[in-house]
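Below is the sequence, then the predicted model.
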Amino acid sequence: MTALDPELRHALRGARTVRVETSAGAGRPVHEAIIWVVVDDAGRVLVRSWRGERGRWYRELRANPTGTLTVGSRRVPIHAEHAADPERVEACSRGLRQKYASARGSLAGMLVDAVLPTTLELHPA
């Protein structure tokens, strides 16, 4: 799959949070959530559900992997790929630990075993 463009990845590296719009499918309501995002050393854009499989945005991207990512004033159509393999899970965890080190309580919730399999990689749609 193609990576998101370098300018967007740069913006994502600096953004504390981003917005993601998801829907369970065509013709279904669109929902918006504020999430954390990391860009790993390989330039992959990775996200994880703090609520694990209970997170609506996560469930909807698994059912319908298209959505929209908003960083600043830029809105980008995305395609989500399940990224539960050990390499991307660890890359996401490492990125979260580095980027969100000051958010101790919330960060700890993003690193528990139960939520690790909810790691997704975002690509341009």
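Noted; the coordinates are in hand.

buried residues in the lengthiest helix in the chain?
Across the chain, the longest stretch assigned as helix under DSSP state H is helix 86-99. Going by neighbour count (16 or more other CB atoms under 10 Å), the buried part of helix 86-99 is 88, 89, 91, 92, 93, 95, 96, 99. From N, CA and C alone the C-beta is placed, and that goes for glycine too.

Do I have it right that the first one meets residue 118?
Read that as residue 88. No. With contacts counted by CB atoms under 8 Å, residue 88 stays clear of residue 118, the gap being 11.7 Å.

hmm, back to that, can you tell me which of the buried residues of helix 86-99 is nearest residue 107?
Nearest to residue 107 among those is residue 96, at 6.3 Å by CB to CB.

so what's that closest one closest to, chain neighbours aside?
Excluding its sequence neighbours, the residue lying closest to residue 96 (CB to CB, 6 or more residues apart in numbering) is residue 110, at 5.2 Å.

you'd agree that neighbour is up against residue 95?
No. Contact criterion CB under 8 Å: residue 110 and residue 95 do not qualify, at 10.3 Å.

Next up, the contacts around residue 60.
Residues in contact with residue 60 (CB atoms under 8 Å, 6 or more residues apart in numbering) are 22, 23, 24, 31, 67.

Check the average confidence over the helix or strand harbouring it, would you?
Per DSSP states H and E: residue 60 is located in helix 56-63. Average pLDDT, helix 56-63: 97.

Let's see it as PDB, backbone CA atoms only.
Presented in PDB, the C-alpha positions along helix 56-63 are these (Å, rounded to 0.1, in the frame of the first residue of the first chain):
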ATOM      1  CA  ARG A  56     -16.500   2.800  18.100                       C
ATOM      2  CA  TRP A  57     -14.000   4.300  15.600                       C
ATOM      3  CA  TYR A  58     -11.900   1.100  15.800                       C
ATOM      4  CA  ARG A  59     -14.900  -1.200  15.200                       C
ATOM      5  CA  GLU A  60     -16.100   0.900  12.400                       C
ATOM      6  CA  LEU A  61     -12.700   1.000  10.600                       C
ATOM      7  CA  ARG A  62     -12.500  -2.800  10.900                       C
ATOM      8  CA  ALA A  63     -16.000  -3.200   9.400                       C
END
